[in-house]
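S.K.: Okay, here's the prediction I keep looking at, along with the sequence it came from:
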Amino acid sequence: MQRYILSRLIQSLLILLGVLLIVFFMLQLTGDPVSLMVSRNASPEQVQRVREEMGFNRPMMVQFADFMTGAVVGDFGMSLRHRQPAMKLILERLPATVELATVALLMAMVIGIPLGLLGGSNPGGFWDTLCRLAGLIGQTIPNFWLALILIVFFSVGLGWFPTFGRETCTVFGIHLPTRSVILPAFALCLFTTGQLVRFTRAAVLEIKNEDYVRTAYSKGIGDRQIYTRHILRNAAIPLISIIGVQFGYLLSGSIYIETIFSWPGIGNLLAEAIGNRDFALVQAIAFFASLTVVILNLLTDIAYGLADPRIRYGD
């Protein structure tokens, strides 16, 4: 296990280096950010002076070396638009994104896992049909389209939920989510719900045909005990990897949902940074999102190995 973790850490560092390399040079191809920082009537001398002040007149490799040096210590420079440290802006928006992703993941688990269990337990029946339909809908309907439909019906039409923004309530000094998170979280969890339904159903169908399950039935053990001790416990093992990966996706892939609902999270901040060609902020967000996904994948692999004693990683 130690050897496996070490190899995964090395791979993760290489992935992060590749992400930073790609993001840096791709952003250089999007245009000159100085043109957005000066007025249209600015003279070439004024534009050149701003470019020198921001350091964009230096060779590209020098800029990349400075960027990598700062990234090692978490310093991604100042946001060109907000005139604040890029990492500070990310940390300010992080709680809203974590709240949205956590609620979305809980929704997906509450809906997807029980539905998958029902479908896998009754193949060919009503619940199985509903299970397959839910999995198909969840993985085919675009979440941004669903977000607009939810706003039209439940916010504009019925007035049950706010149209945009984030509201919180404070209990004992802790900020808790309110109904404002329900619509964006439901729209965000749609794809994850579809995946959990499909994988849970497939896991239950596979485990039901295992020899130890047949042996348990032959001993006269009741259905409830068999599902609790054998089927549910073993079906949870492959779900660990799905849940871990999907949580990383929910954290880093909510740009459309946060933009539609004006949710003050990292995804909304990234959309603004891309539109403003805010190089420092885009690079910082890309690194932070990649780091989050890499760490979650590593923790998921470790948890998977601990949950299943049959798995050995190079011991």
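M.R.: Looks like it arrived, so ask away.
S.K.: Can you list the low-confidence ranges for the stretch 151-300 of the chain?
M.R.: 168-177, 212, 222-223, 228-230, 253 (pLDDT under 70).
S.K.: can you give me the helices for it?
M.R.: 182-208, 211-218, 223-226, 232-252, 255-260, 266-275, 279-307 (DSSP state H, counting those that start in this stretch).
S.K.: Out of these, which is closest to Val103?
M.R.: Ranking the helices of the stretch 151-300 of the chain by proximity to Val103 (C-beta to C-beta) places helix 182-208 first, at 4.1 Å. For every residue, glycine as well, the C-beta is placed using N, CA and C.
S.K.: for the closest one, packing partners?
M.R.: Secondary-structure packing of helix 182-208 (3 or more C-beta pairs under 8 Å, 6 or more residues apart in numbering; DSSP states H and E): helix 86-121, helix 126-140, helix 143-150, helix 232-252, helix 255-260.
S.K.: May I have the second one exported as CSV, CA atoms only?
M.R.: Only the C-alpha atoms of helix 126-140 are listed here, as CSV (Å, rounded to 0.1, in the frame of the first residue of the first chain):
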residue,chain,number,x,y,z
PHE,A,126,-41.8,-1.8,-12.1
TRP,A,127,-39.0,-0.5,-10.0
ASP,A,128,-36.4,-1.8,-12.4
THR,A,129,-38.1,0.0,-15.2
LEU,A,130,-38.2,3.2,-13.2
CYS,A,131,-34.6,2.7,-12.2
ARG,A,132,-33.4,2.3,-15.8
LEU,A,133,-35.5,5.3,-16.9
ALA,A,134,-34.0,7.5,-14.1
GLY,A,135,-30.5,6.5,-15.0
LEU,A,136,-31.1,7.3,-18.7
ILE,A,137,-32.7,10.7,-17.9
GLY,A,138,-30.0,11.6,-15.5
GLN,A,139,-27.2,11.0,-18.0
THR,A,140,-28.8,12.5,-21.0
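S.K.: Quick one: list the elements packing against it.
M.R.: Helices and strands touching helix 126-140, by 3+ C-beta pairs under 8 Å, 6+ apart, are helix 86-121, helix 182-208.
S.K.: Can you list the buried residues in the shortest one?
M.R.: Along helix 182-208, the positions that meet the burial threshold by neighbour count (16 or more other C-beta atoms under 10 Å) are 182-205, 207-208.
S.K.: on that earlier part again, turn the helices and strands packed on helix 182-208 into JSON lines, including mean neighbour count and distance to Arg166.
M.R.: Shown next, in JSON lines, are those (neighbours: other C-beta atoms under 10 Å; distance: least, C-beta to C-beta, whole Å):
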{"stretch": "helix 86-121", "mean neighbour count": "21", "distance to Arg166": "6"}
{"stretch": "helix 126-140", "mean neighbour count": "17", "distance to Arg166": "25"}
{"stretch": "helix 143-150", "mean neighbour count": "16", "distance to Arg166": "15"}
{"stretch": "helix 232-252", "mean neighbour count": "19", "distance to Arg166": "16"}
{"stretch": "helix 255-260", "mean neighbour count": "22", "distance to Arg166": "10"}
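S.K.: hang on, the earlier thing: and the helices and strands packed on helix 126-140: which comes nearest Pro142?
M.R.: Using C-beta to C-beta, the helices and strands packed on helix 126-140 put helix 182-208 closest to Pro142, at 8.8 Å.
S.K.: any idea of the angle that closest one forms with helix 232-252?
M.R.: Per axes from the mean of the first three to the mean of the last three C-alpha atoms, to 10 degrees, the angle that helix 182-208 makes with helix 232-252 is 150 degrees.
S.K.: Surely Pro123 forms part of a strand?
M.R.: No. Per DSSP: H, G, I helix; E, B strand; the rest coil, Pro123 lies outside any strand segment and is coil.
S.K.: Next one: Trp160 from Gly18, what distance?
M.R.: Remark: distance between Trp160 and Gly18 (C-beta to C-beta, to the nearest Å) = 45 Å.
S.K.: nope, Asn268 is what I meant
M.R.: 26 Å.
S.K.: now do Ala104
M.R.: Per C-beta to C-beta, Ala104 is found 28 Å from Gly18.
S.K.: likewise Arg51?
M.R.: 28 Å.
S.K.: Run the chain-centre distance for stretch 86-104.
M.R.: Stretch 86-104 sits 11 Å away from the centroid of its parent chain (C-alpha atoms, centre = their mean, to the nearest Å).
S.K.: Then stretch 65-73?
M.R.: Relative to the chain's own centre, stretch 65-73 is displaced by 25 Å; criterion: C-alpha atoms, centre = their mean.
S.K.: Assign Arg83 to helix, strand or coil.
M.R.: Criterion first, three-state DSSP; result for Arg83: coil.
S.K.: sorry, back to before: looking at Arg51 and Gly18, which is more packed in?
M.R.: Neighbours per residue, other C-beta atoms under 10 Å: of Arg51 and Gly18, the larger number sits with Arg51, 18 against 11.
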